[in-house]
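**Q** here is the input, now give the coordinates:
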Amino acid sequence: MAARSKKTSVHAVSRLPGATIDSYNLELRQPEGEGFIGDLASQTAFRELLDRARKLHATGKDPFGRTSTFELDKKSIDLVLIGGDEDAAHLVHLAVEAFARRLVHVIHCFRTQPEWEGVKRIVLGGGLPESKAGELAIRRAARLLRNERAGIGLVALRHDPDEGGLLGWVPLLPARHRRREAFLAVDVGGTNIRCGIVEHRLARAMDGSKARVVESLQWRHADEGPDRGEAIARLAGMLNGLAAMARTLQLPLAPFVGIACPGRIEADGSIATGAQNLPGDWEAPFNLPRELVRHLDRISGSVPQVSMHNDAVVQGLSELPRMRAVPRWGVLTIGTGLGNASYTNL
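**A** Here you go, the predicted model:
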């Protein structure tokens, strides 16, 4: 069901100036078999399709050698599409075609839901679209939808996905914090935690289209396997360091931290479900905003307000200025899983 917030909540808000967040983190189960519909169009699913192509269609010596499909980096896969081994390129194209058709199927499944009724455009974010193979799969899926006359367009995130989860906090920034030029934002994922100083530049463009990430830090926590306490301490250290950097840059920083996180976010800022890939147990009754604020330095003389929302919602909102031409739109973030959200412009 759609996840909505109370009007008085500073977390998981559903209404903002000019738009409403109609749904996010919809969990559509596959009618046959286990898992969710979104699992069919994740980065993991693309790797599975490429692995299947290697096993069934490779001729002679495997063009990727002995390296496991799940250990191939994006660059190795992309290189074969731009002048690499012809057999390897053929295998990637097979996987791209199969993935594009799966993505179209997943899109149709979401559009049957009441929360996605009337959606005319979908932003595709996450890690896969930034690769050549992912870009090709999106273009192919868009063509398949046009051939079907489905009445829906696909657009890739225009900026780096690493920044989308930070920039999307601009439309969510409370009015009282907009008087200062910048704020801190966090994008928490199953592999990385990214923190950044976001300069909203609303004086230049009230729709947030001129916002930029001034400085950012990234920690690949998956390589270290920290427990929850260690992760919170490291996150607080990154934010305190960025706050100090903002002072050095003489950039007036609002006492506000926006955190984009997987899962369904409750009105009190706790995570109801979907935090299984994060370091430690982050689900309720644990409350990240309350715990984190105890470790943060004061900003501009005040204890910072810490707000939480779903990561797909935030990444989608980074594209809000480009979505004004359509009444209803959505976002699918193609990562380890498939994040989703839908919106209505007011």
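**Q** contacting residues for the closest residue to residue 167 other than its chain neighbours?
**A** Distances taken as C-beta to C-beta, 6 or more residues apart in numbering put residue 318 closest to residue 167, at 4.2 Å, once the chain neighbours are dropped. Just so you know, the C-beta spots here come from the backbone N, C-alpha and C atoms, and that holds for glycine as well. By C-beta atoms under 8 Å, 6 or more residues apart in numbering, the contact list for residue 318 reads 157, 159, 163, 164, 165, 166, 167, 168, 170.
**Q** go on, residue 111?
**A** Per C-beta under 8 Å, 6+ apart, neighbours of residue 111: 117, 119, 152.
**Q** the last one and residue 321, how far apart?
**A** What that stands for is residue 152. 20 Å (C-beta to C-beta, to the nearest Å).
**Q** who has more neighbours, these two?
**A** Ranked by neighbour count (other C-beta atoms under 10 Å), residue 152 and residue 321 place residue 152 first, with 21 against 18.
**Q** how near is that one to residue 123?
**A** Separation of residue 152 from residue 123 (C-beta to C-beta) stands at 12 Å.
**Q** check residue 231 too.
**A** In terms of C-beta to C-beta, residue 231 sits 29 Å off from residue 123.
**Q** between these two, who's got more neighbours?
**A** Shown here are residue 231 and residue 123; by other C-beta under 10 Å, residue 123 has more neighbours (28 against 21).
**Q** need the three-state assignment for that one.
**A** Secondary structure, DSSP: H, G, I helix; E, B strand; the rest coil: residue 123 is strand.
**Q** that one against residue 334, yeah?
**A** No: Residue 123 is beyond contact range of residue 334, at 11.0 Å (criterion: C-beta atoms under 8 Å).
**Q** tell me where this structure has strands.
**A** 15-16, 19-24, 121-126, 153-156, 182-188, 193-199, 212-219, 253-261, 264-265, 271-273, 305-310, 328-334, 338-345 (DSSP state E).
**Q** nearest to residue 42, of the ones you listed?
**A** Residue 42 lies closest to strand 338-345 among those, at 5.1 Å (C-beta to C-beta).
**Q** neighbouring contacts of that closest one?
**A** With C-beta under 8 Å, 6+ apart as the test, strand 338-345 has contacts from 18-26, 36, 38-39, 41-42, 106, 110, 115-116, 119, 125-126, 262, 310-313, 315-317, 320, 323-324, 326-333.
**Q** would you show me how to pick out the buried ones of those residues in ChimeraX?
**A** A single ChimeraX command is used to select the members of the contacts of strand 338-345 judged buried by 16 or more other C-beta atoms under 10 Å:
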select :19,21,22,23,24,25,26,36,38,39,41,42,106,110,115,116,119,125,126,262,310,311,312,313,315,316,317,320,323,326,328,329,330,331,332,333
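**Q** how close does the residue sitting furthest away from the middle of the chain sit to residue 87?
**A** No residue in the chain sits farther from the centre than residue 60, which is 39.1 Å out by C-alpha atoms, centre = their mean. Distance, residue 60 to residue 87, by C-beta to C-beta: 7 Å.
**Q** CA atoms only for stretch 106-126 - export them in CSV, please.
**A** This file holds the C-alpha atoms of stretch 106-126, laid out as CSV (Å, rounded to 0.1, in the frame of the first residue of the first chain):
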residue,chain,number,x,y,z
VAL,A,106,7.6,-4.3,-14.6
ILE,A,107,6.4,-0.9,-15.7
HIS,A,108,3.1,-2.3,-16.9
CYS,A,109,2.7,-4.0,-13.5
PHE,A,110,3.2,-0.8,-11.6
ARG,A,111,0.8,1.1,-13.9
THR,A,112,-2.0,-1.3,-13.0
GLN,A,113,-1.8,-0.1,-9.4
PRO,A,114,-4.1,2.7,-8.3
GLU,A,115,-1.1,4.7,-6.9
TRP,A,116,0.4,4.7,-10.4
GLU,A,117,-2.8,5.3,-12.5
GLY,A,118,-2.2,8.1,-15.0
VAL,A,119,1.6,8.2,-14.7
LYS,A,120,2.9,9.5,-18.0
ARG,A,121,6.6,9.7,-17.5
ILE,A,122,9.1,7.6,-15.4
VAL,A,123,12.5,8.7,-14.3
LEU,A,124,15.0,5.8,-14.2
GLY,A,125,17.8,6.2,-11.6
GLY,A,126,20.0,4.0,-9.5
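**Q** now that stretch: how far from the chain's centre is it?
**A** 16 Å (C-alpha atoms, centre = their mean, to the nearest Å).
**Q** same check, this time on stretch 174-183
**A** On C-alpha atoms, centre = their mean, the centre of stretch 174-183 falls 23 Å from that of its chain.
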